[in-house]
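J.: Requesting a structural model of the entry that follows:
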Amino acid sequence: LVRVQRLSGKLSRADERELARRTQLQEAHAKQEELLEQLQTQQAEMNHLEQTRSVMTDEITGLPNYHAVMSRVDAELSRCIRTQNSCAILFVHLDSFKRINDTWGQEAGDTILLEASSRLLRNIRAEDFLGHYERGNFALLLVETDLAGAIQAAERLRLEIASLPYSWSM
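T.: Residues are numbered from 1 along each chain as shown. The predicted model follows:
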């Protein structure tokens, strides 16, 4: 009888351990399902962001494209009206760009665009906004800038764009 009671106690403890393991396994499975759902949600968000980025980003320069430029200009103009601050919009046109593209091809033009965008980005403030809105043309939004500041920035950028030759090799 004592031996039966001991075996019965052992079985009871084994059943309790089995129940605890099953509970832990169910909790782990539920947590895994929750994490998988979070991962799928994050992946969907990343896909959406990537699609939005590709719709709003110029493929050649990586800068915001026409749609992003227009959206940002609208937002900044609204902000300036609301806050009574000033801003300036500079349109940068690369002289002879069409001739370069027509003579040397699109690859040469792409190289020129990349170099020009790099030169512009290196010479603007962090709060300013640069976009490539069409082939050979950039838009630069200078926040909280008056006319005198815009003229100075335009001249500084003109000199930077023209300062060194652009190189391209076939």
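
J.: helix, strand or coil for residue 24?
T.: At residue 24 the chain is in helix, as set by DSSP: H, G, I helix; E, B strand; the rest coil.

J.: what separates it from residue 107, distance-wise?
T.: Counting by C-beta to C-beta, to the nearest Å, the gap from residue 24 to residue 107 is 61 Å. Yep, even glycine has a C-beta here, placed from its N, CA and C like the rest.

J.: and the host helix or strand of residue 10, what does it pack onto?
T.: Residue 10 is part of helix 2-56, with elements assigned from DSSP states H and E. Counting contacts by 3 or more C-beta pairs under 8 Å, 6 or more residues apart in numbering; DSSP states H and E, the secondary-structure elements packed against helix 2-56 are helix 66-83.

J.: Could you check the helix it packs on and say which residues are buried?
T.: With burial defined by 16 or more other C-beta atoms under 10 Å, the residues of helix 66-83 counted as buried are 68-69, 72-73, 76.

J.: sorry, back to before: what angle sits between the helix holding residue 10 and helix 66-83?
T.: Using axes from the mean of the first three to the mean of the last three C-alpha atoms, to 10 degrees, one finds that helix 2-56 and helix 66-83 are set 90 degrees apart in direction.

J.: who touches stretch 93-103?
T.: The set of residues external to stretch 93-103 that reach it, using C-beta atoms under 8 Å, 6 or more residues apart in numbering, is 108-109, 112-113, 116, 135-137, 161.

J.: Highest neighbour count among these?
T.: Comparing the contacts of stretch 93-103 by number of neighbours (other C-beta atoms under 10 Å), residue 113 comes first, having 25 neighbours.

J.: Of all the residues in the host helix or strand of that residue, which ones are buried?
T.: Counting by DSSP H and E, the secondary-structure element that holds residue 113 is helix 106-122. Neighbour-count burial for helix 106-122 flags 108-113, 115-117, 119-120 (criterion: 16+ other C-beta under 10 Å).

J.: can those residues go into JSON lines with extra columns for distance to residue 157?
T.: Putting those into JSON lines (distance: C-beta to C-beta, whole Å) gives the following:
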{"residue": "108", "distance to residue 157": "22"}
{"residue": "109", "distance to residue 157": "20"}
{"residue": "110", "distance to residue 157": "21"}
{"residue": "111", "distance to residue 157": "19"}
{"residue": "112", "distance to residue 157": "16"}
{"residue": "113", "distance to residue 157": "15"}
{"residue": "115", "distance to residue 157": "14"}
{"residue": "116", "distance to residue 157": "10"}
{"residue": "117", "distance to residue 157": "12"}
{"residue": "119", "distance to residue 157": "8"}
{"residue": "120", "distance to residue 157": "6"}
